[in-house]
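S.K.: Below are the sequence and a predicted model for it; my questions follow.
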Amino acid sequence: MNAKKKLDLVIWGATGFTGQLVCEYIARSYDSKDLNWTIAGRDETKLSKLKKRLDIKNSIIIGNSNDISSLEKICAVTKVICSTVGPYAIYGTELIHACIKMKTNYCDISGETQWIRKIIDTFHDKAKKQKIKIVNSCGFDSIPSDIGVYFCQSNYFKENGKYTNAINMRVAGTKGGFSGGTYNSLTNVIHEASVNKSVRETLNNPYGLNPVNEQSGPDTKDLRSVVYDKEAKSWIAPFIMAGINTKIVRRSNALLNYKYGKSFLYSEALLVGDGILGKIIGYLSLIPIFMVIQKKGSIIKRIVDLFVPKAGQGPSKKQRENGFFNLKFYFNNGQKKYIAKVTGDMDPGYGSTSKMLAECAICLALDDTLNENYGVITPSVAFEKNILERLQNNAGLKFSMKKI
């Protein structure tokens, strides 16, 4: 860390839907004496109102996603910048560039696989050389998956003296809303894939985020149909976040020099129940996925656009607080079977995501026991046990494991 920098942390895009949730969490959870932070964005009026509402001590900072000089000025005064400004493929690249130049650590909640691939190719070696951490996917995608696997493997190793060679994550339940920002990001990913062959290749490759020349392995494409899972004793269906989560987990393994083995297998799917009813529910779950992933400008897409929230909109406070997520991880050692659970106490996309992102940012800013893994890296590689402890102590996540 650069001790000469004035601030510990800046929240970039603070007046957006998720940005405000992150700021509200920090303001109520951390004393300004312990965390020296402020907010930044392009709208001075909105920032001033947020500063006053949350009683933020430091001055606001004005910048623009397309103005590299303004971004460099922000990065020059802070150890860490936490970005909530998406779609990242449109608004995020110059900020990474500024972080590299000014030696500022960075985290975000991007689930945009094609953009993360671009950031890896452009900035990984530079960030590594500068000894800074650029950490993507610090929200529901992909903290529960990536830290969940880290938790499973760490505990499995303690008991067995080795790592398991396969983990299957199954979504047992979620409840939450959808925001305009998330929808816009997903729409942009689909649009880029429709016009760019290399983007399609990255999205379709299970190892699309692995280091160059290491983008192959035994895992196949994410589930695209409804099948019966004997291990979970349930029908399973495609999980829309699997496309980013599985790639993040595989990149973690690669960055750790294949700690879990080059033959390590990982999958994600949605549990929909057993019997004929479970199978029917599985097929019904494909309908919203089909509708959301349609190409921009298509008739179905235009209809969907009428009903989803607009940019800056999202679930209400009551909806966020009444939400939850419950993920199950199945694995074994040949004789014993294990199941781990990762749960969250608020809706996954906003209530829990805002807390996860905030804790990752604070971990970067304040934890002086962090490892020396640098570059464009994943949450588990960047934070290891530090974030696992923070998530359990502060962010309402629970991790547990038992034999079955």
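M.R.: That came through fine.
S.K.: Where does the prediction get shaky in the stretch 151-300 of the chain?
M.R.: 178-181 (pLDDT under 70).
S.K.: give me the element residue 71 is part of.
M.R.: helix 68-76 (DSSP states H and E).
S.K.: and the spatially most central residue of the chain, helix, strand or coil?
M.R.: Taking C-alpha atoms, centre = their mean, the centroid of the chain lies closest to residue 137, which sits 2.5 Å from it. Classification of residue 137 using DSSP: H, G, I helix; E, B strand; the rest coil returns coil.
S.K.: how close does it get to residue 155?
M.R.: 23 Å (C-beta to C-beta, to the nearest Å). Backbone N, C-alpha and C define where each C-beta goes, glycine included.
S.K.: Same question for residue 102.
M.R.: As defined by C-beta to C-beta, residue 102 lies at a distance of 38 Å from residue 155.
S.K.: which of these two has more neighbours?
M.R.: When residue 102 and residue 155 are compared for neighbours, residue 102 comes out ahead with 20 against 15, by other C-beta atoms under 10 Å.
S.K.: Now do the contacts for the more buried one.
M.R.: 72, 75, 76 (C-beta atoms under 8 Å, 6 or more residues apart in numbering).
S.K.: just these now: which is nearest residue 225?
M.R.: Using C-beta to C-beta, residue 75 is the member of the contacts of residue 102 that sits closest to residue 225, with 45.3 Å.
S.K.: And that closest one, how far from residue 95?
M.R.: Distance from residue 75 to residue 95, by C-beta to C-beta: 8 Å.
S.K.: what touches both of those two?
M.R.: By C-beta under 8 Å, 6+ apart, residue 75 and residue 95 have these common neighbours: residue 81.
S.K.: what's the closest non-adjacent residue to residue 71?
M.R.: residue 98 (3.8 Å; C-beta to C-beta, 6 or more residues apart in numbering).
S.K.: so who does residue 217 touch?
M.R.: Contact analysis of residue 217 by C-beta under 8 Å, 6+ apart lists 206, 207, 210, 250, 262, 263.
S.K.: Show the buried residues in those.
M.R.: Burial by neighbour count, 16 or more other C-beta atoms under 10 Å: within the contacts of residue 217 this picks out 206, 207, 210, 250.
S.K.: how about residue 395, what does it touch?
M.R.: 352, 355, 356, 358, 359.
S.K.: Name the member of those residues that has the highest neighbour count.
M.R.: Neighbour counts for the contacts of residue 395 peak at residue 356, which has 30 neighbours (criterion: other C-beta under 10 Å).
S.K.: Distance check, the residue nearest to residue 71 against residue 73.
M.R.: 9 Å.
S.K.: more crowded one of these two?
M.R.: Between residue 98 and residue 73, residue 98 has the larger neighbour count (other C-beta under 10 Å), namely 23 against 16.
S.K.: Local confidence estimate at that one?
M.R.: Looking at residue 98, its pLDDT stands at 98.
S.K.: Was I right to think it contacts residue 75?
M.R.: Yes - if you go by C-beta atoms under 8 Å, residue 98 and residue 75 touch, sitting 4.6 Å apart.
S.K.: Which residues are in contact with each of those two?
M.R.: Residues touching both residue 98 and residue 75 (C-beta under 8 Å, 6+ apart): residue 104.
S.K.: What strand or helix carries residue 183?
M.R.: Using DSSP H and E, residue 183 sits within helix 180-195.
S.K.: Packing partners of that helix?
M.R.: Applying 3 or more C-beta pairs under 8 Å, 6 or more residues apart in numbering; DSSP states H and E, one finds that helix 180-195 makes contact with helix 17-29, helix 88-91, helix 113-130, helix 197-204.
S.K.: try 6 Å
M.R.: Here helix 180-195 touches helix 197-204, going by 3 or more C-beta pairs under 6 Å, 6 or more residues apart in numbering; DSSP states H and E.
S.K.: now what about the helix it packs on, what contacts it?
M.R.: 113, 114, 117, 192, 193, 208 (C-beta atoms under 6 Å, 6 or more residues apart in numbering).
S.K.: who wins for neighbours among the residues you listed?
M.R.: residue 113 (25 neighbours).
S.K.: Quick check: that residue touching residue 244?
M.R.: Yes - counting by C-beta atoms under 6 Å, residue 113 does reach residue 244; the two are 5.3 Å apart.
S.K.: Which parts of the chain belong to which domain?
M.R.: For the chain, automatic domain parsing gives the domain ranges 7-139+351-390, 143-347.
S.K.: Centre of the chain to the shortest one, how far?
M.R.: Mean C-alpha position of domain 7-139+351-390 versus that of the full chain (C-alpha atoms, centre = their mean, to the nearest Å) differs by 13 Å.
S.K.: What are the contacting residues of the helix holding residue 183?
M.R.: If you take C-beta under 6 Å, 6+ apart as the criterion, helix 180-195 is touched by 17, 86-87, 89, 112, 114, 199-200, 203, 293, 295-296, 308-311, 313.
S.K.: if you set the cut-off to 8 Å instead, what comes out?
M.R.: 16-18, 86-90, 110-114, 199-200, 203, 292-296, 301, 308-314, 349.
S.K.: Mind jotting down where the strands sit in the chain?
M.R.: Taking DSSP state E as the test, the strands found in the chain are 7-12, 37-41, 61-62, 78-83, 105-108, 133-135, 166-175, 227-229, 234-237, 265-273, 324-332, 337-344, 375-377, 397-403.
S.K.: still on that earlier bit, what is the nearest of the contacts of residue 102 to residue 231?
M.R.: Set against residue 231, the nearest of the contacts of residue 102 by C-beta to C-beta is residue 75 (46.3 Å).
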